[in-house]
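> Turn this into a structure:
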Amino acid sequence: KASHALKVLRISVKCNGLDLLLNSSGTGSIVVANHRSWFDSLALSSILPVRTYFVAKEAYFTVPILGLWLKLYKHIPIDYSSRTPLKISDLKFLREQLNKGRIIVIYPEGTRSVGPNLIPIKRGAWWLGSQSKTKIIETYISGSEAIWPKGASIFKLKPGSISIDFTNSYSVLDEEGSIE
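Numbering: from 1, shown residues only. Below you'll find the predicted structure:
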C-alpha cells in the first residue's frame with residue numbers, strides 16, 4: 001500500500017477538500033493536479049477513497065520499478081509526441097472505469113514542474129471530462145518537491161510532509177450550459 005511506503009520513508013500526507021470526491025453521485029471523477037515530484041502519485045494513492053488510475057508519460061513505463069508498478073496496476077501510458085497521444089482502447093478503458101465510479105488522475109502539465117508556477121497545460125483532461133460527462137476535481141499538491149526535487153538523485157530523498165488540496169469541482173459544459 002502507498003500509505004505504508006510513505007510511512008517507512010517518514011513522509012506524511014495532509015489533505016483538504018476530500019469531500020469533493022466523496023460527495024460524487026456514484027460516477028467517477030477526474031482529478032487534475034499540478035505535478036512537482038514522483039511522490040505526488042504515491043501521496044494521492046494513499047488518500048483517494050476508491051480505485052485510482054493514473055495517466056502517465058509513456059517513457060515512465062520503461063523505468064525500473066516504477067514501470068513495473070505502472071503496468072501491474074494498469075495505469076495508462078500517454079505519448080505526448082504523437083498526434084493521438086492515447087490509444088482508442090485506453091480511452092475506452094478510462095471511460096469504463098469512470099462509469100464504475102473510479103478516479104482518473106491526470107497531470108495536465110504533462111511533466112513535473114519546478115517552482116510555484118504551472119507550466120502550460122494540455123487539454124486532454126477537460127476533453128475526457130466532456131466526453132465522459134464526468135466531474136473534474138482541481139487539485140493542488142505542495143511539499144513533495146522538497147522531498148525529492150526534480151533532477152535530484154534518489155539518495156537526496158528527505159522525510160517531509162505533502163499537502164493535497166482538492167480545491168474545486170465542476171463539470172465541463174457546452175455553450176448552452178449543459179454537460180457535453
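> In three-state terms, label residue 155 for me.
helix (DSSP: H, G, I helix; E, B strand; the rest coil).
> lowest-confidence helix or strand of the chain?
Taking mean pLDDT, DSSP states H and E as the measure, the chain has helix 124-132 as its least confident helix or strand, at a mean of 77.
> tell me what the helix or strand following that one is packed against?
For helix 124-132, the following helix or strand on the C-terminal side (DSSP states H and E) is strand 135-142. With contacts defined as 3 or more Cβ pairs under 8 Å, 6 or more residues apart in numbering; DSSP states H and E, strand 135-142 has these neighbours: strand 29-33, helix 39-47, helix 124-132, strand 160-170. No exception for glycine: its C-beta is placed from N, CA and C like everyone else's.
> mind giving me a markdown table with these and columns for distance to residue 4?
What follows is the helices and strands packed on strand 135-142, written out as a markdown table (distance: least, Cβ to Cβ, whole Å):
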| stretch | distance to residue 4 |
| --- | --- |
| strand 29-33 | 22 |
| helix 39-47 | 9 |
| helix 124-132 | 29 |
| strand 160-170 | 15 |
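> out of these, which comes closest to residue 82?
Closest approach to residue 82 among the helices and strands packed on strand 135-142 (Cβ to Cβ): helix 124-132, 12.0 Å.
> looking at the helices and strands packed on strand 135-142, which one has the lowest mean pLDDT?
Among the helices and strands packed on strand 135-142, helix 124-132 carries the lowest mean pLDDT, at a mean of 77.
> what is the orientation angle of that helix with strand 29-33?
170 degrees (axes from the mean of the first three to the mean of the last three Cα atoms, to 10 degrees).
> Just the buried residues of helix 124-132, please?
Across helix 124-132, burial judged by 16 or more other Cβ atoms under 10 Å covers 124-126, 128-130, 132.
> Does the most centrally placed residue in the chain belong to a helix, a strand or coil?
The chain has residue 105 as the residue nearest its centroid, 2.9 Å off, counting by Cα atoms, centre = their mean. Here residue 105 takes the strand state, with states given by three-state DSSP.
> Show me what it bridges to in the sheet.
Taking DSSP bridges, one obtains residue 31, residue 54 as the residues bridged to residue 105.
> how about it, what does it touch?
Shown in contact with residue 105 (Cβ atoms under 8 Å, 6 or more residues apart in numbering): 30-31, 33, 41, 44, 48, 52-55.
> which one of those residues is nearest residue 93?
residue 53 (8.2 Å).
> And that closest one, how far from residue 139?
As judged by Cβ to Cβ, to the nearest Å, residue 53 and residue 139 stand 15 Å apart.
> Likewise for residue 129?
Computed as Cβ to Cβ, the residue 129 to residue 139 distance reads 14 Å.
> Let's see the pLDDT reported for residue 142.
Value listed for residue 142 in the pLDDT field: 91.
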